[in-house]
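Student: okay, here's the prediction I keep looking at, along with the sequence it came from:
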Amino acid sequence: MDFGLQGRWALVCAASKGLGKGCAKALVGEGVNVVITARGAAALEATAAELRALNPAVQVRTVAGDITSAEGRAAALAACPQVDILVNNAGGPPPGDFRDWTRDDWIKAVDANMLTPIELIKAVVDGMAERGFGRIVNITSGAVKAPIDVLGLSNGARSGLTGFIAGLSRQVRVASRNVTINNLLPGVFDTDRVRSMAAATSKKTGQSVDEIVAARAAVPPARRLGNSDEFGATCAFLCSVHAGYITGQNMLIDGGNYPGTF
Ligand code: NAD
């Protein structure tokens, strides 16, 4: 299937590793020029080299910086000649007990996982509507649908984003102009984040990281972790010309972990 995206420009945030990188790979494979961002320049450049090797016909630009800062967002937007596709992503908040969290902890989580995507959308959505094409995909979490108690910061901040997107995606001036906005909700994926959270648990419990990861992989009916390439493929489909009638949706990618019918 031709996704009809050749020559488009995408801004893929937080994309040197993990799920963001999976999205960038799938888009580059479809002939999309990309601007990728991440905080660390070394991993970002390594990923850019991988993307260029994957498809030498596309342009791959890098912006090292913190996407949760105004300067980071401005630099990312300035590097992209025209944002046809926006993939919102940033690091997730740490786990913990809400009794220990300060107002600053909350502000940081809301900034990263709610206000940063909203600010980026604000910068690009009207231009997309004017041009008659736009695809926005927000990487959120399965925790929006089935909250995870130790991830209260994530449950809260991402649910705020989800509520906002539900309204914005249905604005006629957005939806009638072939601009779609959807959220992808990962279950447990085999990325650095999952391994670093397992390492933190390992320190507390004495179990090995591999044992902890294997125990998590055994939970979903698929009996494995997701991988970032399959996550990226779903993102690329949502960005494709074929997905123009899918908007305002929250798509779980979790190996069947969520137990509900809807
Ligand atoms: P990861 O740690 O593997 O990769 C994160 C990427 O984001 C890296 O490229 C890093 O450099 C970049 N990054 C982090 N903070 C940034 C910032 N402030 N500015 C710019 N770049 C930044 O993480 P991942 O597993 O791919 O997770 C991506 C998102 O999805 C996170 O918000 C995470 O909480 C969420 N999520 C992941 C899973 C999972 O199983 N992996 C499940 C649910 C939700």
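Tutor: Okay, I see it. Small disclaimer: the values here were computed from a predicted structure and weren't measured. Numbering: from 1, shown residues only.
Student: get me the contact residues on this protein for the ligand.
Tutor: Neighbours of the ligand within the chain, by CB under 6 Å from any ligand atom: 14-20, 37-40, 66-68, 89-92, 139, 141-142, 186, 188-189, 191-194. C-beta here means a position set from N, CA and C on the backbone, and glycine is covered the same way.
Student: I'd assumed Trp6 was in a strand, is it?
Tutor: Not quite, residue 6 is Gln, not Trp. No - counting by DSSP: H, G, I helix; E, B strand; the rest coil, Gln6 falls outside a strand, being coil.
Student: follow-up on the earlier one: the residues of the chain next to the ligand in helices, which ones?
Tutor: 18-20, 192-194 (DSSP state H).
Student: among the residues of the chain next to the ligand, name the buried ones.
Tutor: Those of these that meet the buried threshold are 14-20, 37-39, 66-68, 89-92, 139, 141-142, 186, 188-189, 191, 193-194, by 16 or more other CB atoms under 10 Å.
Student: what's the most distant pair in the ones in helices among the residues of the chain next to the ligand?
Tutor: Maximum pairwise distance in those, criterion CB to CB, is 14.3 Å, between Gly20 and Val194.
Student: about what we covered before: show me which of the ones in helices among the residues of the chain next to the ligand is closest to the ligand.
Tutor: Using CB to the nearest ligand atom, Gly18 comes nearest to the ligand of these, at 2.1 Å.
Student: coming back round to it: inside strands: which ones of the buried ones among the residues of the chain next to the ligand?
Tutor: Among those, DSSP state E puts 37-38, 139, 186 in strands.
Student: dump these into TSV; add pLDDT and distance to Lys204 as well.
Tutor: Listed next are these as TSV, based on pLDDT from 0 to 100; distance: CB to CB, whole Å:
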residue	pLDDT	distance to Lys204
Thr37	98	32
Ala38	98	28
Ile139	98	27
Pro186	98	24
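Student: any idea how far Val110 is from the closest residue to the ligand within the stretch 51-200 of the chain?
Tutor: When scored by CB to the nearest ligand atom, the stretch 51-200 of the chain has Gly92 as its residue closest to the ligand, at 2.0 Å. Using CB to CB, to the nearest Å, we find Gly92 at a distance of 13 Å from Val110.
Student: list the contacts of the residue of the stretch 51-200 of the chain closest to the ligand.
Tutor: Shown in contact with Gly92 (CB atoms under 8 Å, 6 or more residues apart in numbering): 113, 141, 151, 154, 193.
Student: try 6 Å this time
Tutor: Ser154 (CB atoms under 6 Å, 6 or more residues apart in numbering).
Student: for it, give its distance to Ile121.
Tutor: According to CB to CB, Gly92 stands 19 Å off from Ile121.
Student: what do you get for Glu230?
Tutor: 25 Å.
Student: same question for Gly91.
Tutor: Going from Gly91 to Ile121 by CB to CB gives 19 Å.
Student: equivalent analysis for Arg223, please.
Tutor: Applying CB to CB, the value for Arg223 to Ile121 is 36 Å.
Student: between the two ends of stretch 169-181, what distance do you get?
Tutor: 5 Å (CA to CA, to the nearest Å).
Student: that stretch: which residues count as buried?
Tutor: 169, 174-175, 177-181.
Student: please apply the same query to stretch 112-125.
Tutor: Result for stretch 112-125 [16+ other CB under 10 Å]: buried residues 112-121, 123-125.
Student: identify the residues contacting it?
Tutor: By CB under 6 Å, 6+ apart, the surrounding residues in contact with stretch 112-125 are 67-68, 73, 77, 83, 86, 88, 90, 136, 138, 157-158, 160-161.
Student: now do 7 Å
Tutor: 67-68, 73, 77, 83, 86, 88, 90-91, 93, 134, 136, 138, 154, 157-158, 160-161, 164, 174, 179 (CB atoms under 7 Å, 6 or more residues apart in numbering).
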